[in-house]
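Novice: Kindly return the folded structure for what I paste below:
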Amino acid sequence: MSYRSGPLWRLVTAASEKIDHKIGWDKLPVPIALGVLVGVRTKLRQRNLVDTRSLPSVNEPQPPPPDPTQRTQRQADGSWNSLEDPGMGMAGTRFGRNVPLDKIAPSEESDVLGKPSPREVSRRLMTREELADVPGGNSLIAAWLQFMIHDWFSHGSSPTDNPWVIDLAGDDTWPENPMTILRTMDDPTRPPGSTGPQTRVNVLTHWWDGSQVYGDSDAAAAMRRSGQDGKLRVNPDGSLPWPKDADYDPSKVPGFWAGMAMLITLFTHEHNAICDRLKAAYPTWGDEELFQRARLVNAALLAKIHTVEWTPAVISHPTTVTALRANWFGLAGEQVHRLFGRISSSEVISGIPGGEADQYGVPYALTEEFTAVYRMHPLIRDDWSLRRTEDDSPLREEPYSFTELTGPSALEVLGSFSMTDLLYSFGTLTPGVVQLHNYPRFMQEFARPDGRLQDLAATDIVRSREMGIPRYNEFRRLIHLEPFSSFEEMTDNKEWAREISELYGGDIEKVDLQVGMYAEKRPEGFAFSDTAFRIFVLMASRRLNSDRFFTEYYTPAVYTEPGLEWIADNSMKTVLLRHHPDLRPALNEVPNAFAAWRRSE
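Specialist: Coordinates of the predicted model:
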């Protein structure tokens, strides 16, 4: 029998969808809204988890032979997370989908580059004139997202031959005509000559395993380890010994910037603090045992912070704040969880960690649609005024541009100022809202580490089209939302409605997913769209449900009692204060470390 297919659940999902369409979950009292979202998630689990591993394939990555240590240790390549399906979620395996395979949009050249041109979408709908910010948030929100993405997914390095070629309008000032955008790497597991749905692989593991801190291969992991007491390598001054080898230098990878480097540094120190705690409890343990257990604890702490702190900061509606905390603690709440542990097998009552793993009938994988809705570059500011923790005075008279915080320049900034001052600066600067006309200017003419110029807004549009992401209205239909019949219905901004209609020739069915999501009216407290939220409703819990290290193996036998206590007792705020106690005045009255910090006098 398929997931929750009985008569009662059919009634629940039908009623939830009807109420959601007629009133909107965000307009309902919290208890009723939570019930509606349970129904919405149930239908998404039934209809919108689509397996791509069932398609023909060759040369798939093979898990190593079984070994007893795999039961209690995360593997660098993501293998053996599932003991029944050891290849599931491995690095090099395919992205899944959240839309039926026969609904994947065509991705021929005319579909990817056709009207409107991705460059014109960037110029006319994305360009930021003035930052539209999130008044109650801080820029660690943007840094954290990039930090997480580098753990979750990557389509790999693009081949430099045969790029997409975009002809430019006569008044376009782009320095090269035509514009070129590198294609995404082909799926190496796709048989030659295949004519079925387009597929791509995730070169990272699909699991929430802290690979941005620990490396995504045994070789990368070995370079980061000190070889003593399970700890990672740290310089005497607290900085990290960033690899200079061309194959491992993170500053040469597109997307690396100061915000991500700061958080990698912070959670490297957190790993080492966990090792100290475990060493005190288990003095006979050697380097390998301490490292593996500390990694489990640190990865779970990252997942907890993202679930109960970061996400509620960017979608701070009362219902979603309650729902996200329930994902971790259950509706019974944190205090009941602390006092009695799990009081029910239900994830709704007692949360997901420590419950039963469930794949909902489809092998686990992150999805192309999940990747598409996480394209949230508007969170990033253009101008960064870096300031001293002690008195809020500027570290430099002129603000830094985002370009000065990227690539090799990021490491120069980290080497020039204290980590405490950099964290304080990010904590007191607001991020941007994910909406039209709020794309970072420097990202529309961004110099990659290899010197290639790139309009990232145009690239975002190309990527969604290239991956066969359905256009906005069709995407809404496929995730059980009602499509819009007019541009004025799509957005409450009349000028945006006019601009979108003009650019897309009056055809609402051609509007790209990203444009529609950026244009639509957001629920109260949301920094991004309700359409994107539907994929979060589905995938945020799935990443926990599917991982045995967050479910059946979330036990003292695997994590140790001190390890589980560490996860329960800590938050982003405690992590920051443990390693940077001078931040206390800025954080004292802040309930969530991703909310705006108090400025120094």
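
Novice: In the stretch 351-500 of the chain, where is pLDDT below threshold?
Specialist: In the prediction, the stretch 351-500 of the chain carries no residues with pLDDT under 70.

Novice: Identify each of the strands in it and give its residue range.
Specialist: Under the criterion DSSP state E, counting those that start in this stretch, the stretch 351-500 of the chain carries strands at the ranges 383-384, 400-401, 446-447, 453-454.

Novice: Counting by contacts, list what the first one packs against.
Specialist: In other words, strand 383-384. strand 400-401 (3 or more CB pairs under 8 Å, 6 or more residues apart in numbering; DSSP states H and E). From N, CA and C alone the C-beta is placed, and that goes for glycine too.

Novice: In its sheet, which strands sit next to the strand it packs on, and in what direction?
Specialist: For strand 400-401, the paired strands and their directions (DSSP bridges) are strand 383-384 (antiparallel).

Novice: roughly how far is the strand it pairs with from the heart of the chain?
Specialist: 23 Å (CA atoms, centre = their mean, to the nearest Å).

Novice: now stretch 258-271
Specialist: Between the centre of stretch 258-271 and the centre of its chain there are 16 Å (CA atoms, centre = their mean).

Novice: Around Leu49, how many other residues sit close by?
Specialist: Counted with other CB atoms under 10 Å, the neighbours of Leu49 add up to 23.

Novice: so what's it up against?
Specialist: For Leu49, the contacting residues are Gly96, Asn98, Tyr360, Gly361, Val362, Leu538, Arg542, by CB atoms under 8 Å, 6 or more residues apart in numbering.

Novice: Find the nearest non-adjacent residue to Asp167, please.
Specialist: In space, Asp167 comes closest to Pro178 once its chain neighbours are excluded; the distance is 5.1 Å by CB to CB, 6 or more residues apart in numbering.

Novice: The one you found is in contact with Ala169, isn't it?
Specialist: No: in this structure Pro178 lies outside contact range of Ala169 using CB atoms under 8 Å: 11.1 Å.

Novice: Can you report how many residues lie near Asn59?
Specialist: The burial count for Asn59: 10, using other CB under 10 Å.

Novice: any idea which element it lies in?
Specialist: With elements taken from DSSP states H and E, nothing contains Asn59; it lies in neither a helix nor a strand.

Novice: Ala281 versus that one, what's the distance?
Specialist: Using CB to CB, to the nearest Å, one obtains 44 Å as the distance from Asn59 to Ala281.

Novice: for Val36, same thing?
Specialist: Using CB to CB, we find Val36 at a distance of 44 Å from Ala281.

Novice: Please, where are all the helices along the stretch 1-150 of the chain?
Specialist: With DSSP state H, counting those that start in this stretch as the criterion, the stretch 1-150 of the chain has helices at 7-22, 30-47, 109-113, 118-121, 140-152.

Novice: export those to CSV and tack on mean neighbour count?
Specialist: Output for the helices of the stretch 1-150 of the chain, formatted as CSV (neighbours: other CB atoms under 10 Å):
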stretch, mean neighbour count
helix 7-22, 15
helix 30-47, 19
helix 109-113, 14
helix 118-121, 22
helix 140-152, 22
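
Novice: Redo these as JSON lines? Include mean pLDDT and distance to Pro63.
Specialist: Output for the helices of the stretch 1-150 of the chain, formatted as JSON lines (pLDDT from 0 to 100; distance: least, CB to CB, whole Å):
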{"stretch": "helix 7-22", "mean pLDDT": "95", "distance to Pro63": "35"}
{"stretch": "helix 30-47", "mean pLDDT": "96", "distance to Pro63": "26"}
{"stretch": "helix 109-113", "mean pLDDT": "95", "distance to Pro63": "35"}
{"stretch": "helix 118-121", "mean pLDDT": "98", "distance to Pro63": "38"}
{"stretch": "helix 140-152", "mean pLDDT": "96", "distance to Pro63": "20"}
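
Novice: before we move on, back to that, confidence score at the residue nearest to Asp167?
Specialist: Looking at Pro178, its pLDDT is 95.

Novice: rewinding a little: for ChimeraX, write a command that selects the buried ones of the contacts of Leu49.
Specialist: Those of those that count as buried under 16 or more other CB atoms under 10 Å are selected in ChimeraX with:
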select :96,98,360,362,538,542
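
Novice: Return the subset of the contacts of Leu49 lying in helices.
Specialist: Leu538, Arg542 (DSSP state H).

Novice: Now flag whichever of the contacts of Leu49 is closest to Asp151.
Specialist: Distances from the contacts of Leu49 to Asp151 were compared by CB to CB; the smallest belongs to Arg542, at 15.9 Å.

Novice: The closest one is in contact with Tyr360, isn't it?
Specialist: Yes: counting by CB under 8 Å, Arg542 sits close enough to Tyr360 to count as a contact (7.4 Å).

Novice: what sits in contact with each of these two?
Specialist: Residues touching both Arg542 and Tyr360 (CB under 8 Å, 6+ apart) are Arg45, Leu49.

Novice: Next, count neighbours for the residue nearest to Asp151 when sequence neighbours are not counted.
Specialist: Sequence neighbours aside, Gln212 is the residue nearest to Asp151 in space, at 4.4 Å (criterion: CB to CB, 6+ apart). For Gln212, the tally of surrounding residues (other CB under 10 Å) stands at 21.
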